[in-house]
Structures are given as structure tokens and as C-alpha cells.
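In: just coords:
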């Protein structure tokens, strides 16, 4: 909070109601400054659900796993899962000091009660055993619970090794503390209001203050000094605190009473009812006015966004009509259609692809600009680069290694082939392309995650050196996936492209990207067509084919499955197929010692490009990343695009099924 954080996300998927209650209660206390015993709070949270924890990259110092956990060792930021036991461990509760027939003697390290559930680890290589606490004895007497430091006997049906560690998975005491309370009638939340009341001999002035609104009213009355009784502040507070069916609740009240006056309670009640009736009416009018102003402002911004399409430096003026509403009818008609569009339909030309992947004619007419994103440079040998508007090259360890050799920390000279070979490859595909035009086509794409400390190559500092070297070689176009990467270009004149992880999901975010200096932004493949239609513009790019990453994990799935890591140089793990309970198949792959998971089916809306063209959208992108694409696969893909056919075994994601 001291760093300016105003919102906290608490993960609660697949957790119990007790977990939600305990964790939210603890965070609430911490935010309000009322968390007095942090250790007790952590133990309480560990009781309802606990895996081993680490600070990852948030704190630079290396953390230590709890000394009482199963596998003691340093927690590496890249190893966020305990390979010994990645499931719920619980809160450390003690150890077995003796085992007999039908019982065990334990030394407690936490409160343990009857009806609690313990998890017992005899060693880290075996699955733990569950122990339901039914009876506890201390000094020969039955007890309902024991505390930390107590030695007691617990009945059990099996024997455990001496020294076995016990963890508290479920506590009856915690369940009773946080018993779910569902009200019989749900109550509407109230709006807090502060009152300032001034009582004078000839009038009573009231001012109510709530968020974004205040209202004052003066009531003319004639009051006299009290002889036997005077009105005190507590009388006024008690009267005005009764707000009844109004949408308000009293937050605070400040009262000033002059000359020991007496105000009849009936007068105060009448004033209170009248004031809050008017206050409520005025508050609703003000709310409606502010809502109307906000809607008007949003409409103006949308119009401004639509009418101020940016133009990239060096481009000719292109007039693109504003996007009409995407008709609900007609989208499905294109799925099985493999015919040829007429020229006046704004679609594809009837071109063909020869053997070996050579394009005999233009893929599209002049009305479309198709870009390509790749993570392997070899794909350039099978693609006619002159056909594409932009070529996005992902800067990975492999592609950087092909382009650049690091001989020293202060200098990153070019390889013998490297960027020169890249330019040569582009020019050989089309002799009319000059090196300067190649540089205009190529956009280097930076990863979404760059750490201060990593595996030596993929650090923020290393990318800064790579970027400077590329700029010195005449390359001025870069794509970023997080705003932190903009710091790599301070004081340098470049063109920046915003990739979809920046989540441009509304016109305001698109306008903000423009303000930040981005010349083009890529719309999210997670969006649906109803929302996308509001974002189509000359500086927006739509992904029509992609193996969309479902998530990226700091943890290597293979290392955790094998419970060991051989090191990056000796690692042979590439990818593994995963299947969920519904039969859906996913590919988990090694990406610089992280795990990236993609669906086995790619995202594709290539068959809908003609319909998108009708809305005025012109820029599209195809991504060949993550998977190993063969020349035959690339040829088949672009043949489908050429003939506007639907890609087999693909899915359209949210595009057709909508977000809501």
C-alpha cells in the first residue's frame, strides 16, 4: 500500500468457504492496520489451505522454505512448486515421538482438537497419510484439545514412524470461528454519509456529505434556552442516526449547539425526515447527471477514436470507412464456403500456390495488409516476404543467437551471417526489395516477461543491449507486450507496436496506446466480434491465426514431474501432451525454462477475413510461433488463407461464442 497499490487480487478458485473467509478476513485486518499478530494469522491461513510459499521476483533476496516443511531448501524464483508434494500441505502441527498399537504419542506445535484432520508425512518420497483425530488423552485423561508444546496420545488405526511430521489440514475450531452466515434476506449495501448540524436560536443548518456529493439546507425555527432540560449532542446524534429505508447510513456526525438551547424531539424528527427525503432526491439527480456526463464523454471519445485513425510515418493516406455493426447473420455462411469472391466484394483474388510453397500471384488484393509473426528464422526461407506488410520476429534465445553473438558484456557484435544473412534472405525472395525496405518490413518483438535476474541471456539488461545493437544497424521498429519494455527505448527514436497482451479491449485503451506513442496495436484474440467491431481502425491489427498461449508459468513442468532439473544445457525436455478430464488435449512446452501451455487446436478466423474486410478492417496477422511448422504446414496454411477456407481442426474461441 505504501507503494501505491490500491487493489489486491486474492486467488480463491477451487478453495473451501473457510479458506475464503479466513483469507479475506486476514487481508481486511492488514489493510485496516488491525493485524496485530502476523504469525498467528499466517498459521490460521495455513490451516485452511497451504502450499509452500516464496516471494518469487517480488523480493530480490532468496527466500527459505519453512524449516518445518517436508523438503527443506532454497526456493528459487523459477521453482514455484515443491516437487516433493505440490498439493495442500496444511499448517505444521507437530511430530510423532512414539508409536504403539492403536495409538501414537505426539508433541504438538499448534492447537489440535478432536474432529480435526491431520496429514502425516513419514518421508518426502511417499504420499502422506490422513489421520482423523477422534480421541486425545493427556496424563491419562480425555481432553478435547491440546496446545503447542503439549505431549498427548492420539488414537490411530495404524502405526507411524518416530519423527513423522504432522500438518493440520482441517480445524474444527476454525470452522466454528468462520461459520457461514447466510442472511434470510439479502440487505442492500448502504452509502455512508457525514452530517454537519449547527443549531442556533433562529435556525438549524444541516449539511450532508457523501462521495462526490454534498447538500445543505437551512430550517428556520425559533428556539429558546432550556430551563429544566437542554438538547445535548447525543440527543441529536440519536435522532439523525435513524435513517430507516433511505439508501444511506450514518458514518459520522458533527454537532454545534449554541446557548444551551432546547429542541423538541418532534422538531428534530420532522427536520430529519424532510432533509433526507430532499437529500435523496438531489443525490439521485446528481448521480443521473454524472452518469449522463460520463456516457456522453465516452460517446465523444468513441467518435474521436473512430475519426482520428493514425497514419504511420511514410505511408500514403488510406481512407477506411467507419466500422458498421457486424451483422449477426452471415458469419456462419463463410465456414464451409470455398468459392472465390468477386473483385467488388473486397475479398481475395483467385490466386494459387505452386509446389514447394511458391506463391504464383498475390495472396490478396491491395485492400488488405497481411503481417506475419515468427519465432524461428528458418520460416523466412519458405515465405515470400514481399507479400507481407510486416514481419514480426520474436527475440528469443534462439533467434538472438542466430542474429547476434555476445563476445563481451559491453559489446554485442554481429555474427558472420546474422542480420546480414537475414537481409540477404529477404532480398533473394524478391530482387526488387532493397535493404532499407527490408528494414521497414521487419519488427522485432520483445517477450512479455523480462526479469532483472534470469538465465544470463533473457534479462532486461541483456535485451537493452540487443535493442541498442539492432538500432545501430538501422532497425527502428519494435513490438512490446508490457509497458515496462518502453524503458528500453528511452531517448531513442523508434516506432513502437503494442502486442495483444497489453489488452486493448475498448476505445479508451486504444486511445491511451496512441498517447503513449504506439503507432499500431494488436487486438486480443480473446475478444468477441461484438466488441472487436468497436475497435477496428487503421492502426488496429487483427490476429486471424495463432497458437494462443493459454498461460505461462515460471515453473518448469518437466523438472517438477521428475523432481529434479539437469540444467538448461543438459535439458532435453521440449514438450509434453496433457489431457484434462473432458478429453481436451493441450501442449505444455519448454520456453526458456518456463512452461507455456497452448491448445492442440489453433485459433483461426482466416475464413472470416472477407467479412472483416466489409467492416473496413484492413490489417491482419498470422502467427507461426510455439509449434514446429514444416514447409508443408506453412504451404497448407497459406493455401487455406488464399482460398478463404476454414483451417481444419481449429477453433474460433470467444469470437463466435461471445464473452457473455
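Out: Here it is on my side, so go on. Since this is a predicted model, take the numbers as computed values, not measurements.
In: Could I get the full set of helices for the stretch 1-150 of the chain?
Out: Ranges of helices in the stretch 1-150 of the chain, per DSSP state H, counting those that start in this stretch, are 17-31, 38-48.
In: Need the contact partners of the first one.
Out: Judged by Cβ atoms under 8 Å, 6 or more residues apart in numbering, the contacts made with helix 17-31 from elsewhere in the structure are 1, 8, 10, 12, 35, 41, 44-45, 47-49, 174-175, 178, 180. Where C-beta positions appear, they are placed from N, C-alpha and C, glycine not excepted.
In: hmm, back to that, same list (the helices of the stretch 1-150 of the chain) but as a markdown table, adding distance to residue 290.
Out: A markdown table is the format used below for these (distance: least, Cβ to Cβ, whole Å):
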| stretch | distance to residue 290 |
| --- | --- |
| helix 17-31 | 27 |
| helix 38-48 | 39 |
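In: tell me the most buried of the ones you listed?
Out: helix 38-48 (a mean of 18; mean count of other Cβ atoms under 10 Å).
In: can you list contacts of that one?
Out: Helix 38-48 is contacted from outside by 15-16, 18-19, 22-23, 26, 29-30, 35, 90-92, 110, 168-171, 174, using Cβ under 8 Å, 6+ apart.
In: and the angle for it with helix 17-31?
Out: Angle, helix 38-48 to helix 17-31, by axes from the mean of the first three to the mean of the last three Cα atoms, to 10 degrees: 160 degrees.
In: Phi and psi next, for residue 402.
Out: phi -70, psi -30 (degrees, to the nearest 10).
In: Tell me if I'm right that it and residue 380 touch.
Out: No. Residue 402 lies out of contact with residue 380 (Cβ atoms under 8 Å); the separation is 10.8 Å.
In: Could you dump the helices of the stretch 1-150 of the chain into TSV and include distance to residue 538 and mean pLDDT?
Out: Shown next, in TSV, are the helices of the stretch 1-150 of the chain (distance: least, Cβ to Cβ, whole Å; pLDDT from 0 to 100):
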stretch	distance to residue 538	mean pLDDT
helix 17-31	45	88
helix 38-48	51	86
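In: Of those helices, give the one that comes closest to residue 576.
Out: helix 17-31 (30.4 Å; Cβ to Cβ).
In: returning to that earlier point: of all the helices of the stretch 1-150 of the chain, which one is nearest residue 203?
Out: The nearest among the helices of the stretch 1-150 of the chain, by Cβ to Cβ, is helix 17-31 at 41.7 Å.
In: mind checking how far the closest one is from the chain centre?
Out: Helix 17-31 sits 21 Å away from the centroid of its parent chain (Cα atoms, centre = their mean, to the nearest Å).
In: And stretch 195-202, by the same measure?
Out: Counting by Cα atoms, centre = their mean, stretch 195-202 comes out at 51 Å from the chain centroid.
In: What of stretch 249-260?
Out: Here the centre of stretch 249-260 is set off from its chain's centre by 46 Å, with Cα atoms, centre = their mean.
In: Return the set of buried residues in that stretch.
Out: For stretch 249-260, burial by neighbour count (16 or more other Cβ atoms under 10 Å) applies to 250, 253, 255, 257.
In: Regarding this structure, what is its longest helix?
Out: helix 265-307 (DSSP state H).
In: Does that helix pack against any helices or strands, and if so which?
Out: strand 203-210, strand 213-220, helix 233-240, strand 248-257, helix 507-515 (3 or more Cβ pairs under 8 Å, 6 or more residues apart in numbering; DSSP states H and E).
In: closest to residue 547 out of the ones you listed?
Out: helix 507-515 (24.6 Å).
In: Just after that closest one, pick out the following helix or strand.
Out: strand 518-522 (DSSP states H and E).
In: Pull the number of nearby residues for residue 178.
Out: Residue crowding around residue 178 was assessed by other Cβ atoms under 10 Å; the count is 18.
In: need the contact list for it.
Out: 17, 18, 21, 22, 25.
In: With residue 195 instead?
Out: Counting by Cβ under 8 Å, 6+ apart, residue 195 makes contact with 206, 207, 208, 209, 240, 250, 252, 253, 254.
In: want to throw the residues you listed into CSV with distance to residue 306 and pLDDT?
Out: Shown next, in CSV, are the contacts of residue 195 (distance: Cβ to Cβ, whole Å; pLDDT from 0 to 100):
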residue, distance to residue 306, pLDDT
206, 48, 95
207, 44, 95
208, 42, 94
209, 40, 95
240, 50, 92
250, 47, 91
252, 47, 91
253, 50, 92
254, 50, 93
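In: any idea which of those is the one closest to residue 564?
Out: Proximity to residue 564 was ranked across these by Cβ to Cβ; first place goes to residue 252, at 60.5 Å.
In: And the closest residue to that closest one other than its chain neighbours, which helix or strand is it part of?
Out: Once flanking residues are discounted, residue 252 sits nearest to residue 194: 4.7 Å by Cβ to Cβ, 6 or more residues apart in numbering. For residue 194, the element it lies in under DSSP H and E is strand 191-199.
In: Report the buried residues of that strand.
Out: Quick answer for strand 191-199 (16+ other Cβ under 10 Å): 193, 195, 196, 197, 199.
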